[in-house]
Structure formats: structure tokens, C-alpha cells
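>>> the following comprises the amino acid sequence and a computationally predicted model.
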Amino acid sequence: MKIEQFEDKGLAHFSYAILSECARQIVLIDPARDPQPYYDFAQAHDAQIVAVIETHPHADFVSSHLEIAQTTGATIRVSKLLGADYAHEAFDEGQSFAVGKLTFRALNTPGHSPDSISIVLSREDKDEAVFTGDTLFIGDVGRPDLRENAGNLTAKREELARQMYHSLRDKLMPLAGTVLVYPAHGAGSLCGKALSGANSSTIADEKFGNPMLRHLSEADFVQELLQDQPFIPKYFSYDVALNKAGAPAYAPSVQQVPRLAAGAALEAGVLVVDTRPEADFKQGHVAGALNIQQGGKFETWLGSIVGPEERFYLVAADEATLEDLIRKTAKIGYEALIKGALVGTPNVAETLPQLDVAQFRQHPAQYTIVDIRNASEHRDEPLFAGSLNIPLPELRERAQEIPTGKPVVVHCAGGYRSAAGSSIVADALPGTEVLDLSEAVKTFQSAPAAH
């Protein structure tokens with residue numbers, strides 16, 4: 001037996017290939033959008049992919065389960081509760097299947113979603129590992145607030161939090177302490193709030209060190225789980241629906257994105273996502289463009305700022321970066337929204353001024369300061385007294401709340417988000433001087449809140 005873990009660092013996503021060496025057959029769990037790494041693994045081991053299991057319809061990335069099944073003939077197994085629109089076999093508690101000497105059995109573990117399952121892998125009647133999807137993470141558990149308005153089954157977050165309590169305590173914690181825990185996400189994922197940087201664990205280690213598995217009443221667990229969950233990106237419900245239906249094949253969908261010549265005329269009124277470095281963007285860009293830089297978690301921020309109903313142009317600094325960003329866009333199923341992709345900028349009419357940081361440091365009261373960090377960041381790590389907190393995912397909808405009597409300074413925690421935020425505010429408040437504190441924010445973080 002061989003368990004291969006595949007990691008997508010941008011989305012903090014783990015997927016798995018389990019190889020039965022005697023049967024030369026492979027079972028995949030929660031594959032990413034690009035199926036090629038799994039085909040390469042199969043070829044390297046002279047093995048056949050025979051099954052693809054989805055622990056639930058994912059919200060944060062698009063899965064290649066349907067494409068893999070269509071290409072290889074593999075069987076897709078999902079909970080019957082998912083209501084999948086594609087050909088599949090139901091895989092719920094009490095059901096199992098064998099591949100060589102390996103047995104895979106399902107546990108219904110609702111909590112993150114009503115249709116979540118965990119998969120226990122056994123060899124010769126001994127439980128070896130459990131693939132927990134977004135139910136049990138290393139050091140945390142899945143968030144319960146993503147399925148109030150998405151998917152075949154919907155449920156209020158309080159109900160799902162209660163279900164999570166029992167899934168953990170009645171289904172997963174009774175497994176042998178030696179059972180390896182393989183989750184679908186690691187640190188940085190928005191599917192939980194405090195995930196560890198580790199990529200695997202054991203049931204015993206989680207029972208010892210995971211704060212959500214300590215002795216808690218159901219009411220206390222629910223209260224703690226619902227507290228301070230991160231924001232919900234705009235694309236999450238879109239991806240749930242896309243995964244329920246089955247996404248189109250990855251490579252052809254990427255290839256169908258229109259590549260435009262540098263300097264091509266862009267249709268008026270269509271959003272422009274300019275991914276160039278913020279210094280280049282500020283020196284010249286298309287009117288109304290959003291500066292979502294290529295670094296950082298580009299795909300997450302794209303899907304948090306831009307809604308799945310919006311078409312947009314994608315602008316990058318060079319061809320290699322453009323192709324990489326198209327692929328990243330496809331990971332959340334947004335490649336179909338790209339009206340055109342091009343290098344450079346077709347217009348340098350709009351600029352953004354540079355902030356005089358020394359002047360701002362001496363006289364912060366002369367500016368309206370907008371903190372676009374998450375509400376919990378703003379609360380727990382205040383930087384400027386009297387600043388207005390509008391988290392970046394809400395900024396396009398709420399920019400009109402910003403007073404315009406003084407120059408506006410936008411800041412985040414490190415400079416990546418404020419590039420996007422200042423571009424949003426500048427477009428929303430024409431005639432107002434909008435300034436980006438950028439990476440200089442780090443020089444304010446060791447001092448008490450400025451007055």
C-alpha cells in the first residue's frame with residue numbers, strides 16, 4: 001500500500017492517491033482541478049485509477065472527479081445526500097468496497113456540510129487511516145457556516161455545528177489512536193479558522209492536542225465553533241454547485257480563454273483585474289481596474305472580491321505569469337468568466353498617488369484611515385485609533401460608507417490586500433485622494449495604536 005498526498009499550497013488543499021500495489025489499482029480522494037498529477041502518478045506506478053471519492057461538494061476549489069471518471073472509467077463515490085448530477089455510486093455509512101487487500105468504508109460525518117463523509121482505510125481488517133475531508137483538520141475542525149444557501153441539502157450553521165460535535169465524538173474519536181488522519185486542508189484554508197501547518201496526524205494526537213476535541217458540552221462546542229470564523233468568499237456557493245454538477249475538463253477549459261494582443265481595446269463597462277505589482281499599477285492602469293496582485297493567495301482573493309456573475313479581463317505583467325494566473329483562476333472555476341487575457345496594460349490614463357509615510361506618521365488625524373483586515377484582526381490587533389474597518393471582501397459593496405472630507409489611507413496587515421483595497425476605494429470615490437499604506441504598515445505594528 002502507498003498513500004500519496006498532493007498539496008496545492010495556494011488553496012492549502014490536500015488530495016490523495018491510495019495505491020494497492022498488489023492489484024496495481026488506485027483510489028483518489030478529493031482531487032484538485034488539474035487531473036494530470038494523478039495520471040502521472042498512475043503511469044509511474046503502472047496502475048489504473050479505479051475510483052474517485054468526494055468527501056463532500058467542495059466550496060473552495062473545483063474538483064476533477066467527473067473528468068477523471070470520464071477519462072479513466074473510474075467509479076465516482078459520494079454520499080447519496082449530495083444529490084450529485086453525474087453518474088456515481090452512493091457511498092454512505094455501512095457501505096464499503098475493496099481494492100486488492102485494501103478496504104474503504106464510509107462514515108457519514110455531517111458538520112462542515114450535511115453530506116460530508118469520512119473514509120476509513122483498512123488493510124487485513126486493521127484500520128490504518130481515515131480521510132476526514134473538511135470534518136476533522138489537524139488542530140481544528142471544519143467550519144459549519146457554508147451550507148445555509150448552497151448545495152442539494154442546506155442547513156443552518158447552528159444545526160451543522162451540533163452535527164459536527166457528534167460526528168467527531170461518535171464517529172471519529174472512537175477510531176484506534178494509531179489511525180492516521182489525512183484531512184483535505186492545511187494551514188491557510190478558509191474552511192476552518194486555526195488549522196495546523198502539519199499535513200497529517202493520528203487520532204490519538206488529535207484527541208490530545210486538538211482544542212475542539214477536548215471535553216466540551218455540546219452547547220459550549222457550538223458556541224466556540226461559531227465564533228470568529230473567517231469571511232465567506234463570494235465564489236464558495238458557486239463552487240459547491242459546480243462540484244455537484246461536475247466541472248468541465250480542465251485543459252480544454254483553460255485553452256478556451258481568449259488571449260488578446262497587448263494593447264487590445266477593452267469593452268467599456270467590463271471589470272479589469274490587473275495583477276501587476278502595485279508599484280506598476282499605481283503608475284498607470286485602466287480606469288476602474290482592480291489591483292489583485294499575482295502573489296499571495298491570488299485565486300482566493302479573486303474569488304472573494306469578484307463575484308461568479310461578473311465577467312472580467314485579466315491583465316498580467318508577462319506571458320508566463322498570465323498563463324499561470326489563468327490556471328489559478330481555473331482552480332476556482334472562474335476561467336469561464338475571463339472575457340479576455342492580455343499582457344501589459346492597454347491604458348495608462350489612471351494613476352494613484354504615493355503616500356508620504358513620514359507625514360502620515362506625524363499627523364494620522366489628518367487622514368481617514370480604512371482598515372481592510374478581517375473584523376477579528378481589527379479587534380485583536382488595533383493599529384490606528386478611530387480607523388474604519390471594512391474587510392476587503394466587503395469593500396466594493398461598502399466603499400460609500402467611507403467619509404471623503406480628508407485623504408483616505410487604506411491599510412491591511414502586510415501590504416498585499418491594501419493594493420487591492422486602495423484600487424477599489426479610488427474607483428468608488430472619484431475626486432477623493434486615496435493612498436495605500438502598503439508594506440509600510442509593518443513599521444506601525446510594534447507600537448501602540450496611533451492617536
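Good, I have the coordinates.

>>> surely E381 meets Q445?
Yes: with contact defined as Cβ atoms under 8 Å, E381 counts as touching Q445 (7.5 Å). Glycine gets a C-beta too; all of them are placed from N, C-alpha and C.

>>> what do these two both touch?
Residues touching both E381 and Q445 (Cβ atoms under 8 Å, 6 or more residues apart in numbering) are A413.

>>> quick one: contacts for the spatially closest residue to E433 that is not a sequence neighbour?
Of all residues not flanking E433 in the chain, P407 sits nearest, at 4.1 Å (Cβ to Cβ, 6 or more residues apart in numbering). Counting by Cβ under 8 Å, 6+ apart, P407 touches 366-368, 432-435.

>>> any quick PyMOL command for the buried ones out of the residues you listed?
One line in PyMOL is enough to select the buried members of the contacts of P407, burial here meaning 16 or more other Cβ atoms under 10 Å:
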select buried, resi 367+368+432+433+434+435
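
>>> let's have the contacts of P407 in a markdown table, adding secondary structure.
As requested, the contacts of P407 are exported to a markdown table (DSSP: H, G, I helix; E, B strand; the rest coil):
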| residue | secondary structure |
| --- | --- |
| Q366 | helix |
| Y367 | coil |
| T368 | strand |
| T432 | coil |
| E433 | coil |
| V434 | strand |
| L435 | strand |
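
>>> which one of the contacts of P407 sits closest to P258?
V434 (31.4 Å; Cβ to Cβ).

>>> so what's the closest one up against?
Counting by Cβ under 8 Å, 6+ apart, the residues that V434 touches are 352-353, 407-408, 410, 422, 425-426.

>>> which residue packs closest to it, ignoring adjacent ones?
A426 (4.1 Å).

>>> SS state for that neighbour?
helix.

>>> any idea how far L28 is from it?
45 Å (Cβ to Cβ, to the nearest Å).

>>> Y165 now?
30 Å.

>>> cool, and S189?
Distance from S189 to L28, by Cβ to Cβ: 19 Å.

>>> of those two, which one has the most company?
For S189 versus L28, neighbours defined as other Cβ atoms under 10 Å are more numerous around L28 (29 against 25).

>>> am I right that that one sits in a strand?
Yes: assignment of L28 by three-state DSSP places it within a strand.

>>> who are the contact partners of the spatially closest residue to it that is not a sequence neighbour?
Spatial nearest neighbour of L28, excluding adjacent residues (Cβ to Cβ, 6+ apart): V52 at 4.7 Å. V52 is in contact with 27-29, 31, 65, 68-69, 74-77, counting by Cβ under 8 Å, 6+ apart.

>>> would a markdown table of these with pLDDT and distance to M212 be doable?
Formatted as a markdown table, those follow (pLDDT from 0 to 100; distance: Cβ to Cβ, whole Å):
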| residue | pLDDT | distance to M212 |
| --- | --- | --- |
| V27 | 98 | 28 |
| L28 | 98 | 28 |
| I29 | 98 | 22 |
| P31 | 98 | 27 |
| H65 | 98 | 28 |
| I68 | 98 | 33 |
| A69 | 98 | 34 |
| A74 | 98 | 34 |
| T75 | 98 | 33 |
| I76 | 98 | 30 |
| R77 | 98 | 27 |
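
>>> just checking, M1 touches L19?
Yes: taking contacts as Cβ under 8 Å, M1 lies within contact range of L19: 6.9 Å.

>>> which residues in the stretch 101-250 of the chain form strands?
102-108, 117-123, 126-133, 180-183, 201-202 (DSSP state E, counting those that start in this stretch).

>>> other SSEs contacting the first one?
Taking 3 or more Cβ pairs under 8 Å, 6 or more residues apart in numbering; DSSP states H and E as the contact definition, the neighbouring helices and strands of strand 102-108 are strand 13-20, strand 96-99, strand 117-123.

>>> kindly report the same for the longest one.
Using 3+ Cβ pairs under 8 Å, 6+ apart, the elements in contact with strand 126-133 are strand 117-123, strand 180-183.

>>> buried set for stretch 430-447?
Neighbour-count burial for stretch 430-447 [16+ other Cβ under 10 Å]: 432-438, 440-441, 444.

>>> repeat that for stretch 284-302.
Buried-residue list, stretch 284-302, by 16+ other Cβ under 10 Å: 285-286, 288-294, 296-302.

>>> M1 and L19: which has the busier surroundings?
Between M1 and L19, counted using other Cβ under 10 Å, the more crowded position is L19 (23 against 15).

>>> distance of that one from V286?
49 Å.

>>> now swap in F14 and tell me
The gap separating F14 from V286 is 38 Å, by Cβ to Cβ.

>>> the residue nearest the centre of the chain: what secondary structure?
By Cα atoms, centre = their mean, the mean C-alpha position of the chain lies nearest to D60, the distance being 4.1 Å. Secondary structure state of D60, per three-state DSSP, is coil.

>>> from S20, how far off is it?
29 Å.

>>> now L395
50 Å.

>>> higher neighbour count, the two?
L395 (23 against 19).

>>> and that one, what does it touch?
Contacts of L395 by Cβ under 8 Å, 6+ apart are 305, 372, 421, 424-425.

>>> pLDDT score for it?
In this model, L395 is scored at 97, pLDDT.

>>> cool, A450 as well?
pLDDT, read off for A450, is 47.

>>> for K193, same thing?
With respect to pLDDT, K193 scores 79.

>>> do N149 as well
Reading off the model, N149 has pLDDT 82.

>>> distance of it relative to S438?
36 Å.

>>> next one: L136
Taken as Cβ to Cβ, the span from L136 to S438 is 38 Å.

>>> what does A84 give?
Taken as Cβ to Cβ, the span from A84 to S438 is 45 Å.

>>> please apply the same query to R169.
With the distance defined as Cβ to Cβ, R169 ends up 46 Å from S438.

>>> next up, the contacts around P230.
Applying Cβ under 8 Å, 6+ apart, the residues contacting P230 are 143, 190, 193, 374.

>>> pLDDT check: weakest of these?
Within those, pLDDT is lowest for K193, at 79.

>>> OK, contacts around that residue?
Applying Cβ under 8 Å, 6+ apart to K193 gives the contacts 140, 143, 228-230.

>>> one step back: residue contacts, the residue nearest to the centre of the chain?
11, 13, 185, 189-191, 233, 236, 239, 300, 332.

>>> helices of the stretch 51-200 of the chain, start to end?
Under the criterion DSSP state H, counting those that start in this stretch, the stretch 51-200 of the chain contains helices at 65-72, 157-166.

>>> do the stretch 201-350 of the chain as well
Using DSSP H, counting those that start in this stretch, helices in the stretch 201-350 of the chain cover 203-209, 218-226, 236-245, 250-255, 278-283, 298-305, 319-331.

>>> could you dump those helices into JSON lines with distance to F41 and mean pLDDT added?
Shown next, in JSON lines, are those (distance: least, Cβ to Cβ, whole Å; pLDDT from 0 to 100):
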{"stretch": "helix 203-209", "distance to F41": "27", "mean pLDDT": "97"}
{"stretch": "helix 218-226", "distance to F41": "35", "mean pLDDT": "97"}
{"stretch": "helix 236-245", "distance to F41": "22", "mean pLDDT": "96"}
{"stretch": "helix 250-255", "distance to F41": "16", "mean pLDDT": "98"}
{"stretch": "helix 278-283", "distance to F41": "38", "mean pLDDT": "93"}
{"stretch": "helix 298-305", "distance to F41": "23", "mean pLDDT": "96"}
{"stretch": "helix 319-331", "distance to F41": "19", "mean pLDDT": "98"}
